[in-house]
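**Q** Generate coordinates for the sequence data below:
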Amino acid sequence: MSIIPITVYGDKILRQKAKPVKQVTDEIVVKIKNMFDSMRNAHGVGLAANQIGYTDSIFVIDLNGVDGYENFKPIVMINPQIVLESDEKVIYEEGCLSLPNLRADVERAEIIKVRYLDTDEIEREIEADDFYARVILHEYDHLIGKMIPDRVENNVKKKLQEELGKIINREVKIDYEITDRQTS
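**A** Numbers count the residues shown, from 1 in each chain. Just a heads-up that it's a prediction; the model follows:
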């Protein structure tokens, strides 16, 4: 398929809510393949559709390269909905392909339940915990227009401003392609 440049902080599409997928068409299947290709090319473990310029409510996850997840089967979640989040929260450092070189501690639920459609349009519901839950919540955030800076305290966000500016201005060195500088 195709490797598509990653959208980065400052690109308007990352702040837009994703549109529900009405039907899994051949076009959607191609988009999903492009998402996996683009995510793997950038050495990511998850990717939401808007991270490569699509407006569809889809994200993909592949944790095979993560310790403890060697037998993980790559997954596609279409029109995902978080239906339960545990009261127990965990703070862990996160990164994001759309925030190259930026890392911050983010508090997230330890255990979640998510309902979604698979590529056969079958509704599924799974429970996830630990790192898997974190990745799902991170990618889900993209679909609702949220990113790591929206999940940290204001004092932390202020510390990130210089790095965020470098990302917006495409002044970051990374080994994957990102979108050209956005205007307006």
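
**Q** Just give me the longest strand of the protein.
**A** Ranked by residue count, the top strand of the chain under DSSP state E comes out as strand 75-85.

**Q** per-residue pLDDT, M147?
**A** pLDDT for M147: 98.

**Q** and it, how far is that from K113?
**A** 23 Å (C-beta to C-beta, to the nearest Å). (C-beta placed from N, C-alpha, C; glycine too.)

**Q** rewinding a little: distance between the longest strand of the chain and the chain's centre?
**A** Relative to its parent chain, strand 75-85 has a centroid offset of 12 Å by C-alpha atoms, centre = their mean, to the nearest Å.

**Q** Could you do stretch 95-107 as well?
**A** A distance of 11 Å separates the centroid of the chain from that of stretch 95-107, by C-alpha atoms, centre = their mean.

**Q** What's the end-to-end length of that stretch?
**A** Terminal residues of stretch 95-107 lie 13 Å apart, using C-alpha to C-alpha, to the nearest Å.

**Q** ok, and the most centrally placed residue in the chain, which helix or strand is that part of?
**A** What sits nearest the mean C-alpha location of the chain, by C-alpha atoms, centre = their mean, is E139, with 3.1 Å. Using DSSP states H and E, E139 maps to helix 130-143.

**Q** and what of N155?
**A** Per DSSP H and E: helix 154-168 holds N155.

**Q** what number of residues lie near the residue found closest to E110 once you drop the neighbours it is linked to in the chain?
**A** Excluding the flanking residues, the one nearest E110 by C-beta to C-beta, 6 or more residues apart in numbering is E88, at 4.3 Å. E88: 9 surrounding residues under other C-beta atoms under 10 Å.
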